[in-house]
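Undergrad: Fold the following, please.
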Amino acid sequence: MLIKSVRGFTPQYGKNCFFAENATLIGELIMGDHCSVWYQAVVRGDVNFITIGDRVNIQDGAVIHGTFEKSATTIGNDVSIGHNAVVHGCIIKDRVLVGMGSIIMDDSVVGSNSIIAAGSVLPKNTIVPEGSIFAGVPAKKIKEVSPELQKGEIERIAANYIHYASWFK
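TA: Reported below is the predicted structural model:
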């Protein structure tokens, strides 16, 4: 893995984290416990800060970044960032599933217990209410998160990635 300091900031992370050999962590990044950053994922806190909670998985090829002097990135607890997603200068609250290939742009806020469907694009300033499923380009609310989806997708995937990471330790 590449851990790189920039502008006087060095990434910090908690206990029991897994970082793939070619994952990249840069700059002003604070990450909690039991997180994982997978193959070719980049968490680039060079132009603004990135704060990530506990039990967050950032899957293969995902990019987490922000906008210089404007938009930092904050990710809550129990969040799954799908393969090749782009999370840029936004806030993602707790227990969220960001689907593969999704793009979440600056100053958007994704409420807790929500799902961003694969391939969705949330333009700048999009607000996702708690418990919503957003899909499409541009993404719009398509329905509420059911208890089955909460347990069967959001919670299951977050827990599975903690398990998967244990295979590599």
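
Undergrad: what helices or strands is the longest helix along the chain leaning on?
TA: Taking DSSP state H as the criterion, the chain has its longest helix at helix 156-166. Packed against helix 156-166, as judged by 3 or more CB pairs under 8 Å, 6 or more residues apart in numbering; DSSP states H and E, are the following elements: strand 36-37, strand 57-58, strand 80-81. Heads up, the C-betas are built off the backbone N, CA and C, glycines and all.

Undergrad: Pull the residues that contact that helix.
TA: 17-18, 34, 36, 55-57, 59, 78-80, 95, 97 (CB atoms under 8 Å, 6 or more residues apart in numbering).

Undergrad: Likewise for stretch 63-79?
TA: Applying CB under 8 Å, 6+ apart, the contact partners of stretch 63-79 are 32, 41-45, 47-58, 81, 85-98, 106-107, 112, 154-155, 158.

Undergrad: How about stretch 44-53?
TA: 6-7, 9, 11, 24, 26-32, 35, 43, 58, 63-79, 89, 94.

Undergrad: Show me which residues of it are buried.
TA: Neighbour counts over stretch 44-53 (16 or more other CB atoms under 10 Å) mark 44, 45, 46, 47, 48, 50, 51, 52, 53 as buried.

Undergrad: Now flag whichever of those residues is closest to residue 124.
TA: The closest of the buried residues of stretch 44-53 to residue 124 turns out to be residue 48 (CB to CB; 14.9 Å).

Undergrad: That closest one and residue 81, how far apart?
TA: Using CB to CB, to the nearest Å, residue 48 is found at 17 Å from residue 81.

Undergrad: The nearest residue to residue 40 once chain neighbours are set aside - how many residues pack around it?
TA: For residue 40, ignoring the flanking residues on the chain, the nearest one in space by CB to CB, 6 or more residues apart in numbering is residue 61 at 4.9 Å. Counted with other CB atoms under 10 Å, residues neighbouring residue 61 total 17.

Undergrad: ok, residue 61 - contacts?
TA: 39, 40, 41, 83, 84.

Undergrad: what pairs with the most centrally placed residue in the chain across the strands?
TA: Central residue of the chain (CA atoms, centre = their mean): residue 81, 4.1 Å from the mean position. Per DSSP bridges, the residues bridged to residue 81 are residue 58, residue 98.

Undergrad: Near residue 38, how many other residues are there?
TA: Residues lying near residue 38 (other CB under 10 Å) number 22.

Undergrad: The closest residue to residue 123 other than its chain neighbours and residue 2, how far apart?
TA: Leaving out its chain neighbours, the residue that sits closest to residue 123 by CB to CB, 6+ apart is residue 138, at 5.0 Å. According to CB to CB, residue 138 stands 33 Å off from residue 2.
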